[in-house]
Each structure stands twice: as C-alpha cells, then as structure tokens.
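>>> Show me how the following folds:
(one chain, ligands or ions: 1)
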Amino acid sequence: MQRTRPDITGMTQPVRCLRCHRGVYDLGKVEVTARYTDCSMWKTPCCGSVVDDRGETGWTSRKGYERIDPDNPYGWREDVDMYGRAVVWRG
Ligand SMILES: [Zn+2]
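Numbers count the residues shown, from 1 in each chain. Below you'll find the predicted structure:
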C-alpha cells in the first residue's frame, strides 16, 4: 500500500483526525463550535466528529487529533533493530 503524503500545504497547524484516522485538517482553520475556559470544541471537516483540545492539555485520553510534524508528516520514527539495522516505523 502506497502511503501518500498528507496535503498540509499552507496549513498553519496541520493535524490528523484520530476519529476516522483519514482526515487531515488545519487546526487554525476549524470552525470552533464552543469555547470553554479549559477547552474549545469543533467539528472535524473530514468526518464531522465533535472533538476538543483537551487531549492536548491532558484532560482526557480520548484525543481527537494528533499534530502533524511538517518535517515528518507520516509520523515515522527511525531506530535500529537488535541487529543494528536501521528500521523505520510509524509512531
Ligand atoms: Zn475525521
């Protein structure tokens, strides 16, 4: 299966949706539906799930998204295996 690079061009805060695991959207452009003192909520443009940012502040383990590192958009991690060979896997 070929993994395509997520299109994060022009996004200020690209994130991957952890509800559908497919959507990639810009946190800086979401339409916030509710704002509380400790979190904001919004509807994901990909699958319409309502998520909030408490996963980032540690208030909940139900993270609705994960941030995408523009330099490492797949979230690959590099390491060496027990034989000293370079291995890469998704973190
Ligand atoms: Zn989604």
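>>> can we go C-alpha only for contacts and neighbour counts from here?
Noted.
>>> so how many other residues sit close to Thr12?
The number of residues packed around Thr12, counting by other C-alpha atoms under 10 Å, is 13.
>>> Return the backbone torsion pair for it.
phi -90, psi -40 (degrees, to the nearest 10).
>>> Next up, the contacts around it.
26-28 (C-alpha atoms under 8 Å, 6 or more residues apart in numbering).
>>> mind listing which of those residues are in strands?
Judged by DSSP state E, strands contain the following of the contacts of Thr12: Asp26.
>>> need the contacts of Thr12 in CSV with distance to the ion, pLDDT and neighbour count, can you?
Compiled in CSV, these are given as follows (distance: C-alpha to the ion, whole Å; pLDDT from 0 to 100; neighbours: other C-alpha atoms under 10 Å):
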residue, distance to the ion, pLDDT, neighbour count
Asp26, 12, 95, 19
Leu27, 12, 93, 19
Gly28, 16, 92, 12
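>>> what element comes up after the lowest-mean-pLDDT helix or strand in the chain heading to the C-terminus?
One helix or strand of the chain scores below all others by mean pLDDT, DSSP states H and E: helix 54-57, with a mean of 69. Following helix 54-57 in sequence order, the next helix or strand is strand 65-67 (DSSP states H and E).
>>> how many neighbours does Val24 have?
Counted with other C-alpha under 10 Å, Val24 comes out at 23.
>>> Assess the claim that it and Cys17 are in contact.
Yes. Val24 is in contact with Cys17 according to C-alpha atoms under 8 Å; the separation is 6.0 Å.
>>> what is in contact with those two at once?
By the contact definition C-alpha under 8 Å, 6+ apart, Val24 and Cys17 are jointly contacted by Cys46.
>>> ok, Gln13 to Val80 distance?
30 Å (C-alpha to C-alpha, to the nearest Å).
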